[in-house]
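K.L.:
got a predicted model here, sequence first, then my questions.
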Amino acid sequence: MKHELTNVIEHDNFQGEYRILRLAAPVTGPQVKPGQFLGLQVPNLGERILRRPFSIYQADASGVAVLYKAVGRGTEAMANIQVGDTVNIIGPLGNGYPEPDASKTPVLVAGGYGNAALYILAQRMKKKGIAFFGGRSAIDILLVKEFEELGWDVRPTTDDGSLGTQGLVTDAFDPWAKKQDFQSLEVFCCGPNPMLKAIGDRAIAHDFTAWLSIDRHMACGVGACLTCVIKRKTDTPKDWEWSRCCKDGPIYESREVLWDE
C-alpha cells in the first residue's frame, strides 16, 4: 500500500447514473489484485476529510479505474472532478480474491455494480464460467458486453423483469446450481450483504466454496479505526473474533463469516 498523487485521465458517464473515473497511477496499478480497493480523497468536501473506499474496476501498469454511482455527498462531489485534476489515493488496500481452483467451475455472482469489482478477476482467470448479475432494472445491469467479450456466460436478473430473469439474482442461480455437482463449483461474490449472506448460506448447505466481498463502512481503510469489523468464526473457546474488513478482508470464505441476525 502506498500514497500516490494521480492525474485524472478520464471521467465520463458510463451508463445511466454510473460513471467511470480513470487515474494515471503507475505505482498503484501494477500492484492490484482482484478484489482489492483504494482509498480516494475526494476534493472539495470541506471538513469531511476521510477517504472514500472504491472497488477497483480496472488496473494495469498505467493506472486504475473505478466505476461508481453518486449515492451520497462524497460521490456527488466526485462528479465535479475534471480531467487533468490531481487526486490523492492510497492503495491497493485489503486482501483480494484467492487464486481460483483450476479444477472447479468458476461462478461469479454480483448485485448492483458489484460486478465492477469482479472484472479484474474475470479478466485474469484462465478458465471462464457463468456470471449471474442482479439489479433493480436493465439500466443497473452493467458490463454485460465486457464480460461476454472475456468469454463469460452472463445471466442477468432484474427486480422489474426489464432484463433477463425477473427477481433476485438467486432466482437465476438456484435452478442452474441444482443441475450441477455442487462440489465442483467455486463462487466469487460482490454486492449487498443480504445477497452475500444468501449465497453464503447456500454454499454452507451444499458444501461448495464461496468467496464473499464483505461490505462494511470503511472510514480509514487501513485497519486503524475499527468501524468495519465483522464477527469471524474461529476454533477458539469463544468461537469467534473481530475481523477488520478493510485489513483482514474484504474477501472471506462463506464459512468464516458469522452474520448478525
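P.N.:
Sure, I can see it.

K.L.:
now stretch 76-90: buried residues?
P.N.:
When burial is assessed from 16 or more other Cβ atoms under 10 Å, stretch 76-90 yields the following buried residues: Ala77, Met78, Ile81, Val87, Ile89, Ile90. C-beta here means a position set from N, CA and C on the backbone, and glycine is covered the same way.

K.L.:
tell me how many other residues crowd the residue lying closest to the second one once chain neighbours are set aside.
P.N.:
Spelled out, that is Met78. When the adjacent residues along the chain are set aside, Met78 lies closest to Val42, with 5.6 Å between them (Cβ to Cβ, 6 or more residues apart in numbering). The burial count assigned to Val42 is 20, neighbours taken as other Cβ atoms under 10 Å.

K.L.:
verify the stated contact: Val42 with Pro53.
P.N.:
No - using Cβ atoms under 8 Å, Val42 is not in contact with Pro53; the gap is 11.3 Å.

K.L.:
isn't Val27 up against Lys2?
P.N.:
Yes - Val27 is in contact with Lys2 according to Cβ under 8 Å; the separation is 5.7 Å.

K.L.:
neighbour-wise, which of these two wins?
P.N.:
Neighbours of Val27 and Lys2, each counted by other Cβ under 10 Å, are more numerous for Val27; the result is 14 against 11.

K.L.:
how about that one, secondary structure?
P.N.:
coil (DSSP: H, G, I helix; E, B strand; the rest coil).

K.L.:
how about low-confidence regions in the protein?
P.N.:
1, 44-49, 74, 261 (pLDDT under 70).

K.L.:
domains for it, by residue range?
P.N.:
Partitioning the chain according to automatic domain parsing yields domains covering residues 2-93, 105-258.

K.L.:
reformat those as a markdown table; add distance to Glu99.
P.N.:
As requested, those are exported to a markdown table (distance: least, Cβ to Cβ, whole Å):
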| stretch | distance to Glu99 |
| --- | --- |
| domain 2-93 | 10 |
| domain 105-258 | 10 |
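
K.L.:
quick one: which of the buried residues of stretch 76-90 sit in strands?
P.N.:
Residues of those located in strands (DSSP state E): Val87, Ile89, Ile90.

K.L.:
let me see the contact set for the residue lying farthest from the centre of the chain.
P.N.:
In the chain, Pro237 marks the outermost C-alpha relative to the chain mean, sitting 32.6 Å out by Cα atoms, centre = their mean. For Pro237, no residue counts as a contact, taking Cβ atoms under 8 Å, 6 or more residues apart in numbering as the criterion.

K.L.:
may I ask which helix or strand encompasses it?
P.N.:
Here Pro237 sits in a region with no helix or strand, counting by DSSP states H and E.

K.L.:
any figure for the gap between it and Leu50?
P.N.:
Using Cβ to Cβ, to the nearest Å, one gets 36 Å for the distance from Pro237 to Leu50.

K.L.:
list the contacts for Ser184?
P.N.:
Lys104, Thr105, Phe208.

K.L.:
between those, which has the most around it?
P.N.:
When neighbours are counted by other Cβ under 10 Å, Phe208 leads those with 22 neighbours.

K.L.:
go ahead and confirm that one touches Asp181.
P.N.:
No - if you go by Cβ under 8 Å, Phe208 and Asp181 don't touch, sitting 9.0 Å apart.

K.L.:
longest strand in this protein, please.
P.N.:
Longest among the strand segments of the chain by residue count, using DSSP E, is strand 2-15.

K.L.:
which other helices and strands contact that strand?
P.N.:
strand 18-24, strand 63-69, strand 86-93 (3 or more Cβ pairs under 8 Å, 6 or more residues apart in numbering; DSSP states H and E).

K.L.:
and with 6 Å instead?
P.N.:
If you count contacts as 3 or more Cβ pairs under 6 Å, 6 or more residues apart in numbering; DSSP states H and E, strand 2-15 packs onto strand 18-24, strand 86-93.

K.L.:
all set, thanks.
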